[in-house]
Structure formats: C-alpha cells, structure tokens
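Asker: structure here, sequence nowhere to be found:
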Ligand SMILES: Cc1ncc(C[n+]2csc(CCOP(=O)(O)OP(=O)(O)O)c2C)c(N)n1
Ligand code: SF4
C-alpha cells in the first residue's frame, strides 16, 4: 500500500480502526483533538460508535462498560485528562478488562501548558491510580511506529486482558509524516466468554467485579495479576539499541527526544566521541536487561527527557550502579536542543577523564 | 397445592447481607420480578454501585458488573452502546448517584441513554456508616451532621427526580416508596414501566425508591418505616414526574 501523509493524531485514530477498534469515548483536550474528531467522522462508517463524554472520568468509565460488553474500545486524552482517568484505569486493570488509552502528553503539572512534555512517565508506568497494577505502555518515536503500535495494541490488550497505553508526546500527535497503515499482527485470542452480553440462554450469568473484602481473596487477585505482569515482562519488552558497541556514553531517550538524540550521536561522532542510544519502545515493561549488555568502554549513561527527570529512575535501576547515571532534560514544553546535549556530554566526559 | 408466591428466577439463592429491615432486598425483588415478567432475564445487564448494594451482582441471576463510585451511568452507557439490544440498568444509592455521580447521571439523562436507573434514596450514606448524604433531611442527624443537617451550612436536601425531570432525554421519571404493601405494588408497576419504556427505545428512564436504613438511622425496622412516611414522603412527594406522551 502506498504511504499517505498523515498528522499523528489522525494516524492514531486510523490505526485504531484498522486494529479493530469500534467504540471510542473521549473528552476534548489539546493537543489531541484531531484524534476524537477523526473518530467522530470515520468510526460510524466502520460500523462503530463515537461518543463525546461529559468528562474524562465518564469517558474512561464508558470504556469500562464497553470493555465489559466485550467490545474493542479506546479513549484518548492528554496529561491532565489522563490524570482524571486514573481511577478508571485502576478499575480496568483490576477487573482485567482490555482497552487502549492514548495519551498525547503535554507539559505539567496542573493545567500546565499545551506544548509537548514527557512528564507523564510516572503516571503511565507507576500506575497513576491506586493499587498494585500495571498497564502496558508503548512510546512511539515516529508516526509509522505509532500506527503499528496502536493497531497491534488491541490484540495485545485482548491477549492479556489488560489496558494498554500509547504514550505519544504532543510532538508525535501534531507532526505530519508519511505512513502506511497495516493490519495488526494477529495473536491467538480465546473467545471473550467472560463478557457481559446477557446470558442469551446460552450460559449461566457472568459477573465482572473489583471488590474483594477478604485480605486473602484480594491478595490472591493481586498475585494472579502479578503472574500475568511477569509474563508480560518476559515477552513484551521492546526497545531499539543504536550504536551500543564501544560507546563511551549511552543515552537513554524515548519518543520525540530519541530522534534528537540520534542527531546528537552523529554530531558527537564528528567530534570523535562515540555515543550510543537505548530507546525504550515499551516504557512498561522497561527494557532493563539491555543495560546488562553495555560495553566495558561505556563510562556513563545519560537519560534525556522532556521532564525534569522521571525515566532516569528506571535507568538507575537498570544500570545497577556500574557507571554514573547522568540526566539532562527540559520542561514546560521546551525541547532539549542538540547543542545543549552535546555541551552536557562534553562536560561530563571531560570531567570523567 | 397452588403456589401463591415464589422467588423470581432473576434472583440467586445467595443469602443477602443487608441489615434486618433494610429495604434494599424488597427493591431487588421488584427489579427481578419485573425483568422476569418482561421475559428479558437473558438479555439484561446490570451495573451495581459503590454502596451497600455493591454486591447486588451476587443476588441477581443476571450478567452484572461493579462500577467505580458514582460512575454506573457511564459504565451502563458503554455497555448499552456496545450491546444495543441488551436491557441495561444501574442500581445506585444516594451518595453514589446524588453526590459523587451527579455528572454521570445528569449526562446519561441528557443524552437520553436508553437505560434504566433504580435510585435508592435512604437519606444517608449506608455503607460507610451514616454520614450525611445530599438527600439527608434538614435537621436529620448524621455522623457528619451531629447536630442535624443545617441547610444554612450545607444546603437543602436535593430532589433528584425533580431535577432530572427537567431534562428532555429523561422520558420517564417516577418517585415511589417501599414502606407498605400498597406502595410496594406501585413501586413494582413503576419499575416494570421503566423497563418497558427502555425496551421501546424512547430514552432514559428513572425510578427513585424511598428506602430505609434502620442501622444508620438508629431505629428498629418498624420505626424506620414510620419515619420514612412522616419525614421523607412530605419532602420527596411520591408519584410520576414524567412519562412518554402516549402514556399520559
Ligand atoms: C472514590 C470513593 N470515594 C469514597 C468511597 C467510600 N464510599 C463507599 S460507599 C459510599 C457511599 C454509600 O452511600 P450510598 O450511595 O447512599 O449507598 P448506601 O450504602 O446507602 O446504599 C462511600 C462514600 C469509595 N468507595 N470510593
Ligand atoms: S447499612 Fe443501611 S442501607 Fe446498608 S444494608 Fe444496612 S440498613 Fe441497608
């Protein structure tokens, strides 16, 4: 199929429909509005239903309802709206309901601004809601990657009966790139015999619940969820490793920032500094193992983020104190510039010598 | 021997956890009987709230889920949109519906969502131990209104049915009581009517059920029923507030 030029937000929506999404519930917020607007136009043509909810809280609970009924369902929002959805996401994870949530993230805290940000790493990977739960979090770095991750996300969500989040920073949502929409990679999926469809005289009644008042019962639920999360940690980690062999410095960056860092690596090589990149594609599960393969020549690992330092916590866990972990970030909607990263790198490597 | 009463097929045999004299059980029965009489038990999907009736899914022999506190109408919206030929209802208390969940109930009504809501108004937060609800009467004692509700401090009790009846999408709104057999019969009629109207796809349907909470009112069951009659019915008048045109 030929490539078409698409804006990130519309590409997310088109990919979701390609991935089988037929229900969408959302509430307007910049910088993701083109996504629900596209859905309101295109989803009915695909035989689905778009509904604008009265709030993000209502939207995620409509997602919960449609997921209960066995549908492929999605919502999208941006950072403060995702914060409001967290109670619902915790319920979805607790009740093991599949769904896809897109966060076209912006700078915070509070209402913050509408420029891109990556300060939602914590609320995405640490379970912004209450309890011991995880959502699978993908961070695309291009619109082509965004459409692939989004189309596949519905299969993954159904396979694990778990919410899946796509964390695309505002830049990914707003820019245009050529994309090719492909059908998702199919997984072997059992029928949703647990879904609430009405018994239809075919089976005894189904119940979907979250409450477990006995500590032992609730712990059993938590242990069952943990066993599932362990399988996901084992099977679903995705990352890109770029020029890791004999890199003196290894950057860690995701989404838009990883593209800036690739340009920085070129620039540094012209200055005879060997640099590499680990680009997590899954933020949860985080690609911890790849850090065990770093070369003995690596003197430093540096996390570069559009935040004041969130992913760097996982980088420190992954590096296990073997080399110093540095950080450079901009916030408030600012984007780290290649020059600033080069300067910071020279400063660190100079200092280490 | 002629059978003069039997338990509805819409209810399970599970023993209910409700306190002695609590009217939740009566309303469960009325909902189950209505669904059975309409022959829709095999296509009904219910949503239980956060409140004493969170475990309603153990007592109804139908597909059901729990919803987060106040969000049942949004959950029911998602279900109904995905299963348009299902019969979908929420069963909610007055903390759940009239306090934390006001946005969800107003907008489900506003969209004319083809669902039915059974609203249990017992003028108190039951499950959490007797705190003030938006529906708590002026002067009524609650654990967070130890000297009785002072409307000057925290407002007058909210009349939800009257409020929802102003919304075009709400096509059937009725307030009933389960304090005595005659009223229970009327309550059953209203609940069944609400489901019938849902089946004809006309819009949002709502039945408010004046109910007791002997435990948190600090009264025995008989006194609770008297208290409901003397205090709640005058402030929350019974009757139909809205019906589809052809029914009027
Ligand atoms: C988000 C959230 N806030 C508060 C609670 C605590 N809580 C549980 S039930 C309830 C109110 C129940 O009262 P009501 O809706 O009147 O139902 P009843 O128990 O009287 O039937 C509250 C506040 C909760 N579970 N979740
Ligand atoms: S606390 Fe009140 S509402 Fe709850 S079961 Fe007991 S009597 Fe009923």
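Answerer: Structure received. Quick caveat, the model's predicted, so the values are computed rather than measured. Ligands and ions are numbered 1, 2, ... in the order given.

Asker: spell out which helix or strand contains the residue of the stretch 51-200 of chain A found nearest chain B, please.
Answerer: Residue of the stretch 51-200 of chain A nearest chain B, by CB to the nearest CB: residue A:65 (2.4 Å). (Each C-beta comes from the backbone N, C-alpha and C, glycine too.) For residue A:65, the host element (DSSP states H and E) is helix A:56-68.

Asker: establish whether stretch B:44-51 and ligand 1 are in contact.
Answerer: Yes - against ligand 1, stretch B:44-51 shows contacts by CB under 6 Å from any ligand atom at B:50-51.

Asker: any residue of that stretch up close to ligand 2?
Answerer: No - using CB under 6 Å from any ligand atom, stretch B:44-51 stays clear of ligand 2, coming no nearer than 7.6 Å.

Asker: any part of that stretch near chain A?
Answerer: Yes - Stretch B:44-51 lies within reach of chain A by CB under 8 Å from any CB of the partner chain, at B:44-45, B:47.

Asker: quick one: low-confidence ranges for chain B?
Answerer: For chain B, the stretches with pLDDT under 70 are B:246-248.

Asker: the strands in it, which residues?
Answerer: B:44-48, B:63-66, B:87-93, B:116-121, B:170-177, B:204-210, B:239-242 (DSSP state E).

Asker: any idea how far the biggest helix by length in chain B is from the chain center?
Answerer: Longest helix of chain B, by residue count under DSSP state H: helix B:181-199. Centre-to-centre, helix B:181-199 and its host chain are 12 Å apart (CA atoms, centre = their mean, to the nearest Å).

Asker: circling back: mind putting the strands of chain B in a markdown table, mean neighbour count and distance to residue A:314 included?
Answerer: A markdown table is the format used below for the strands of chain B (neighbours: other CB atoms under 10 Å in any protein chain shown; distance: least, CB to CB, whole Å):
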| stretch | mean neighbour count | distance to residue A:314 |
| --- | --- | --- |
| strand B:44-48 | 28 | 38 |
| strand B:63-66 | 26 | 33 |
| strand B:87-93 | 29 | 41 |
| strand B:116-121 | 28 | 44 |
| strand B:170-177 | 25 | 49 |
| strand B:204-210 | 28 | 47 |
| strand B:239-242 | 16 | 56 |
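
Asker: next secondary structure element downstream of the helix holding residue A:65?
Answerer: Using DSSP H and E, the first helix or strand after helix A:56-68 is strand A:73-77.

Asker: what residue in chain A comes nearest to ligand 1?
Answerer: residue A:87 (6.7 Å; CB to the nearest ligand atom).

Asker: which residues of the stretch 101-250 of chain A fall in strands?
Answerer: All strands of the stretch 101-250 of chain A, identified by DSSP state E, counting those that start in this stretch, fall at A:136-138, A:163-169, A:176-179, A:207-208, A:239-242, A:249-252.

Asker: bridging residues for the residue positioned nearest the centre of chain B?
Answerer: Geometric centre of chain B, nearest residue: residue B:119, 2.2 Å, by CA atoms, centre = their mean. Beta-bridge partners recorded for residue B:119 (DSSP bridges): residue B:92, residue B:208.

Asker: and if you look at residue A:101?
Answerer: According to DSSP bridges, beta-bridge pairing links residue A:101 with residue A:75, residue A:165.

Asker: that one - how many residues pack around it?
Answerer: Around residue A:101 there are 27 other residues, counting by other CB atoms under 10 Å in any protein chain shown.

Asker: go ahead and confirm it touches residue A:166.
Answerer: Yes - shown here, residue A:101 and residue A:166 form a contact pair, counting by CB atoms under 8 Å, at 7.4 Å.

Asker: overlap in contacts, those two.
Answerer: Listed as contacting both residue A:101 and residue A:166 by CB atoms under 8 Å, 6 or more residues apart in numbering or on different chains is no residue at all.

Asker: quick one: residue A:43 and residue A:26 touch, right?
Answerer: No - applying CB under 8 Å, one finds residue A:43 not in contact with residue A:26, separated by 11.0 Å.

Asker: now do the shared contacts for those two.
Answerer: In contact with both residue A:43 and residue A:26: no residue, using CB under 8 Å, 6+ apart.

Asker: neighbour-wise, which of these two wins?
Answerer: Of the pair residue A:43 and residue A:26, residue A:26 is the one with more neighbours under other CB under 10 Å, namely 28 against 22.

Asker: for the stretch 151-300 of chain A, what lies in contact range of chain B?
Answerer: A:196-201, A:205-211.

Asker: any chance of a markdown table for the residues you listed, columns neighbour count, pLDDT and distance to ligand 1?
Answerer: Formatted as a markdown table, those follow (neighbours: other CB atoms under 10 Å in any protein chain shown; pLDDT from 0 to 100; distance: CB to the nearest ligand atom, whole Å):
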| residue | neighbour count | pLDDT | distance to ligand 1 |
| --- | --- | --- | --- |
| A:196 | 28 | 98 | 22 |
| A:197 | 22 | 98 | 28 |
| A:198 | 24 | 97 | 26 |
| A:199 | 18 | 97 | 26 |
| A:200 | 10 | 97 | 30 |
| A:201 | 8 | 94 | 32 |
| A:205 | 20 | 98 | 22 |
| A:206 | 20 | 98 | 23 |
| A:207 | 17 | 98 | 18 |
| A:208 | 26 | 98 | 17 |
| A:209 | 17 | 97 | 14 |
| A:210 | 22 | 97 | 10 |
| A:211 | 13 | 97 | 9 |
